[in-house]
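Trainee: turn this into a model:
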Amino acid sequence: MTAFPAHIKEVMHLFEKGLKLKSPIILNKDNSELQDIVNISADAKRKQVLEQLKKTVVERIKTSY
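Mentor: Numbering: from 1, shown residues only. Below is the predicted model of the structure:
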C-alpha cells in the first residue's frame, strides 16, 4: 500500500481536529485510571506462544552458525 503525501496530510488534519474537539477534562484525566482489557481465547494464546517459540528457535539457529 502506498501512502501519498495528500493522504498523510488528510490524516494529520483529522487527527488535529479530533484533538481540538476533546474535552479538557478527558485530557487531564490520570492515565493510571484508564485501562485496556483484552481477552484472548486459549487457542489464540497457544498460537501466540507457538509463534514466539518459533522466533526464538530460528534466532538461536541463526546465531549458532
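
Trainee: could you pull out the helices for the protein?
Mentor: Using DSSP state H, the helices of the chain run over residues 5-21, 24-27, 42-64.

Trainee: now Gln48: closest residue in space, sequence neighbours ignored.
Mentor: Nearest residue to Gln48 in three dimensions, chain neighbours excluded: Ile40, at 7.4 Å (CB to CB, 6 or more residues apart in numbering). Heads up, the C-betas are built off the backbone N, CA and C, glycines and all.

Trainee: what is the burial count for that neighbour?
Mentor: Applying other CB atoms under 10 Å, we find 10 residues neighbouring Ile40.

Trainee: just the pLDDT at it, thanks.
Mentor: Note for Ile40: predicted pLDDT of 86.

Trainee: distance of it from Leu50?
Mentor: Distance, Ile40 to Leu50, using CB to CB, to the nearest Å: 14 Å.

Trainee: cool, and Ile61?
Mentor: Distance from Ile61 to Leu50, by CB to CB: 16 Å.

Trainee: what's the closest of the helices of the chain to Gln35?
Mentor: The minimum distance between Gln35 and the helices of the chain falls on helix 24-27, with 15.0 Å, by CB to CB.
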